[in-house]
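[1] curious how this folds, go ahead:
(2 chains)
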Number of protein chains: 2
Amino acid sequence: MQEQDFQTIHDIGIRSLYDRLKKYSGASRDEIIPAKVKNSSIKAPNKNENGRLISASGIYLEGVHFDLVYTPLKHLGHKLLSAAASHLYAVNGRPVSARIDLAVPNKISVSMLEQIYHGFDQAGKIYNCSVQPGDTTASRQMLVVSVHVEGIVREEEMITLEGCSTGDQICVTGDLGGAMAGLRVLLREKQAWQERGGDHFQPDLEEYEYVVGRQLMPLARHDLGAYYEKAEVHPTSQVDVSQGLINEMQLIAEANNLGCEIFTPAVPISLETRQVADEMQEDVDRYAFYGGEDYEMLFTLKKEDVEKLKAEFDDFTVIGEIKPAEYGIQLNTGEGKSIDIAKEKNQGL
Amino acid sequence: MQEQDFQTIHDIGIRSLYDRLKKYSGASRDEIIPAKVKNSSIKAPNKNENGRLISASGIYLEGVHFDLVYTPLKHLGHKLLSAAASHLYAVNGRPVSARIDLAVPNKISVSMLEQIYHGFDQAGKIYNCSVQPGDTTASRQMLVVSVHVEGIVREEEMITLEGCSTGDQICVTGDLGGAMAGLRVLLREKQAWQERGGDHFQPDLEEYEYVVGRQLMPLARHDLGAYYEKAEVHPTSQVDVSQGLINEMQLIAEANNLGCEIFTPAVPISLETRQVADEMQEDVDRYAFYGGEDYEMLFTLKKEDVEKLKAEFDDFTVIGEIKPAEYGIQLNTGEGKSIDIAKEKNQGL
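    Numbers count the residues shown, from 1 in each chain, chains lettered A, B, ... in the order given. Predicted coordinates:
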């Protein structure tokens, strides 16, 4: 990137900023009329008669949800759009347009904002989602980003938290705990950097590429709906794993007034994640069960549908079974031990 | 309100919070399916074939956009929904549903959050807008609120920034500068309170009821569209006055590549606003021209439509006329002086 003077939004004015951000508009979609500076984007109506409009949002604070010491700005935009889009894919829908609200402190230059938008733009192109700047306002110290995504789901394809029954197989895509492992590595590097006196942060993360990538640039499971269609299966419930497996499993169990048994040795964990947990002398199961931000999909299938889906798509694992409510959430360790965590309070925050 | 222990979201869990917030859902609208804890509300499609979906959003930080010392929590919710709804009324649309994202520090209890939602609920009922909790997350020190409103506008009724031409009359509803006057009073009271050592903040604001109300609990101009219909007029451009008259006027001028002349003595300013400016020894015109948050509507009418609208609705004032681009933005003081502010840089933030 070319060197340039440090220009703030205040220096160039909000309308010039909007002009600069125009090129980071994600996927171009005919039905979207670009946002005005006055903060109201306008879209053509949904022509899809049996479609439903869906929306999801997230609010992210510097120092709470992300750390600019180790988060490249481009990755930040990419991740936050992925997180919101993931919630729409969870109901088997598709995102259409995203609106970004920002509260920007003086330390963030216009070119830094452009980098964030570059990430939004890239993610928008992957998810076929238009990106529009919304409200852009001042902040004292920390950057605050709010992402709102709207989309569409076909009525007959919709999957919600509700619908599973006893005997349904609990499945999860990819592997879990990687984002948490990546976070642990980044936090360790940050600490070492601070102890060195806070020079330029340039850690060697090559060895940890997989888990750091899981933390900094997760991809929403945007391809899953197509595989369901191809395999002609319809999951009986589904949720994306943003807050950790156990938390999401509780959502499904409660929504259906049912319980479940999870075979803990079956929960997919990558070798790289295990290595990080070993290094940190921590329990890798905690990464996989409670670590959030993996953005994998947790879903339930009728027993006979598992093989049908496997024939088309094999990046998922059966990790348990839906049980009657009195089971609560049971973790079966495979060694005769079973832990009931159904009564654990959900902290959720 | 009944005294109760100070409970945080962390104490009761996010799902219990959602249960408590259910009753603050604004207007009940059949097409809205209530939000799940998993942060994705789902709505039936828009049946209105010639309608467009519109949306607006705002992000508000404690200490930057609002001050909890003098802002009652109930009023805060009311104001922030009014601000977002105002942007939809500006295109002659109507809000349908609002989603609220919150980043909540520990100092904010559940019952305080309920008060904020009480304000959202009240405003939602006024604007016939459903209210849904979105993302609720942790914050370090300050409360952050992001409001996203979606709505509908009929294609043939839509009014945008663009469309006016030379000779059109510039009109504004109500009066301007009141919100700024209210802010000045509240800031003065806060300072006095701090100098007293920061005991319970209980200023006597009776004398300033009007301007303080303008600052703390503005109402969006939700009734204007009905009057346009009744009077059979269609404004040639429109914008809501959220950032101050001059700023909004520049938006219209630029969007149409035109200029304008504003007769400054005609700009409506209430007696109460003038009194505050006198007390503060400040120029009341600055309140009216640059003070934001009045949420009045600035619109342009064909000359012949002014009387037609007046016959049905008289709470507006003609303050100027659209001119060719070379005029810039001229303020005509009526004393032979004319100030051109078209070249002033718009700071916007």
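[2] helices of the stretch 51-200 of chain A, start to end?
    A:73-89, A:110-126, A:178-195 (DSSP state H, counting those that start in this stretch).
[3] my error: substitute the stretch 201-349 of chain A in the last question.
    A:209-216, A:224-231, A:245-256, A:271-280, A:284-290, A:305-312.
[4] of all those, which lies closest to chain B?
    helix A:245-256 (6.1 Å; C-beta to the nearest C-beta). Quick note: C-beta positions are derived from backbone N, CA and C, even for glycine.
[5] for that closest one, packing partners?
    On a contact count with 3 or more C-beta pairs under 8 Å, 6 or more residues apart in numbering or on different chains; DSSP states H and E, helix A:245-256 meets strand A:237-241, strand A:259-263, helix A:284-290, strand A:296-301, strand A:329-332.
[6] domain map for chain A?
    With domains defined by automatic domain parsing, chain A comprises A:9-157, A:169-340.
[7] the first one spans what distance, first to last residue?
    Looking back up the chat, that one is domain A:9-157. Taking C-alpha to C-alpha, to the nearest Å, domain A:9-157 runs 43 Å from one end to the other.
[8] check the longest one too.
    Start and end residues of domain A:169-340 are separated by 19 Å (C-alpha to C-alpha).
[9] can you check stretch A:157-172 too?
    Terminal-residue distance, stretch A:157-172 (C-alpha to C-alpha): 19 Å.
[10] follow-up on the earlier one: kindly reformat the helices of the stretch 201-349 of chain A as JSON lines containing mean neighbour count.
    Output for the helices of the stretch 201-349 of chain A, formatted as JSON lines (neighbours: other C-beta atoms under 10 Å in any protein chain shown):
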{"stretch": "helix A:209-216", "mean neighbour count": "22"}
{"stretch": "helix A:224-231", "mean neighbour count": "17"}
{"stretch": "helix A:245-256", "mean neighbour count": "22"}
{"stretch": "helix A:271-280", "mean neighbour count": "18"}
{"stretch": "helix A:284-290", "mean neighbour count": "21"}
{"stretch": "helix A:305-312", "mean neighbour count": "16"}
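[11] one step back: give me whichever of the helices of the stretch 51-200 of chain A is most buried.
    Highest mean neighbour count of those: helix A:73-89, a mean of 26 (counted as mean count of other C-beta atoms under 10 Å in any protein chain shown).
[12] that one vs helix A:110-126, what angle?
    Using axes from the mean of the first three to the mean of the last three C-alpha atoms, to 10 degrees, one finds that helix A:73-89 and helix A:110-126 are set 30 degrees apart in direction.
[13] run through chain A and note the low-pLDDT ranges.
    A:1-4, A:34-50, A:342-349 (pLDDT under 70).
[14] residue nearest the centroid of it?
    In chain A, the residue lying closest to the centroid (C-alpha atoms, centre = their mean) is A:A83, at 3.0 Å.
[15] skipping adjacent residues, who's closest to it in space?
    Excluding its sequence neighbours, the residue lying closest to A:A83 (C-beta to C-beta, 6 or more residues apart in numbering or on different chains) is A:G58, at 5.5 Å.
[16] who does that neighbour form a beta bridge with?
    Applying DSSP bridges to A:G58 yields these beta-bridge partners: A:V147.
[17] so it versus A:V147, what's the distance?
    Remark: distance between A:G58 and A:V147 (C-beta to C-beta, to the nearest Å) = 5 Å.
[18] who has more neighbours out of the two?
    A:V147 (29 against 23; other C-beta atoms under 10 Å in any protein chain shown).
[19] pull the contacting residues for the more buried one.
    A:V147 makes contacts with A:S57, A:G58, A:Y60, A:L80, A:L81, A:A83, A:A84, A:A98, A:R99, A:I100, A:D101, as judged by C-beta atoms under 8 Å, 6 or more residues apart in numbering or on different chains.
[20] list the residues that contact A:G119.
    Applying C-beta under 8 Å, 6+ apart, we find A:G119 in contact with A:L73, A:K74, A:H75, A:L76, A:G77, A:H78, A:K79, A:L81.
[21] hmm, 7 Å instead?
    Residues in contact with A:G119 (C-beta atoms under 7 Å, 6 or more residues apart in numbering or on different chains) are A:L73, A:K74, A:H75, A:L76, A:G77, A:H78.
[22] which two in those residues are spaced the farthest apart?
    A:L73 and A:H78 (9.8 Å; C-beta to C-beta).
[23] before we move on, the earlier item: so the residue nearest to the centre of chain A makes contact with A:V241?
    No - in this structure A:A83 lies outside contact range of A:V241 using C-beta atoms under 7 Å: 11.3 Å.
[24] between these two, which contacts overlap?
    With C-beta under 7 Å, 6+ apart, A:A83 and A:V241 have common neighbours A:Y295.
[25] so how far is A:L68 from the closest residue to A:V276 other than its chain neighbours?
    Spatial nearest neighbour of A:V276, excluding adjacent residues (C-beta to C-beta, 6+ apart): A:A181 at 3.9 Å. Using C-beta to C-beta, A:A181 is found at 21 Å from A:L68.
[26] rewinding a little: looking at the domains of chain A, which is nearest to B:M249?
    Using C-beta to C-beta, the nearest of these to B:M249 is domain A:9-157, at 12.4 Å.
[27] hmm, back to that, could I get the contacts of A:G119 as a markdown table with distance to chain B?
    Below are the contacts of A:G119 laid out as a markdown table (distance: C-beta to the nearest C-beta, whole Å):
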| residue | distance to chain B |
| --- | --- |
| A:L73 | 18 |
| A:K74 | 21 |
| A:H75 | 20 |
| A:L76 | 16 |
| A:G77 | 16 |
| A:H78 | 18 |
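[28] contacts only, for A:L76.
    A:L76 neighbours (C-beta under 7 Å, 6+ apart): A:F66, A:I116, A:G119.
[29] can you rerun that using 6 Å?
    A:F66, A:I116 (C-beta atoms under 6 Å, 6 or more residues apart in numbering or on different chains).
[30] repeat that for A:S97.
    For A:S97, the contacting residues are A:I32, A:S130, A:E150, by C-beta under 6 Å, 6+ apart.
[31] check the gap between it and A:S270 for me.
    Using C-beta to C-beta, one obtains 34 Å as the distance from A:S97 to A:S270.
[32] next: A:I12.
    44 Å.
[33] which one's more surrounded, those two?
    The neighbour comparison of A:I12 against A:S270 (other C-beta under 10 Å) goes to A:S270, with 19 against 16.
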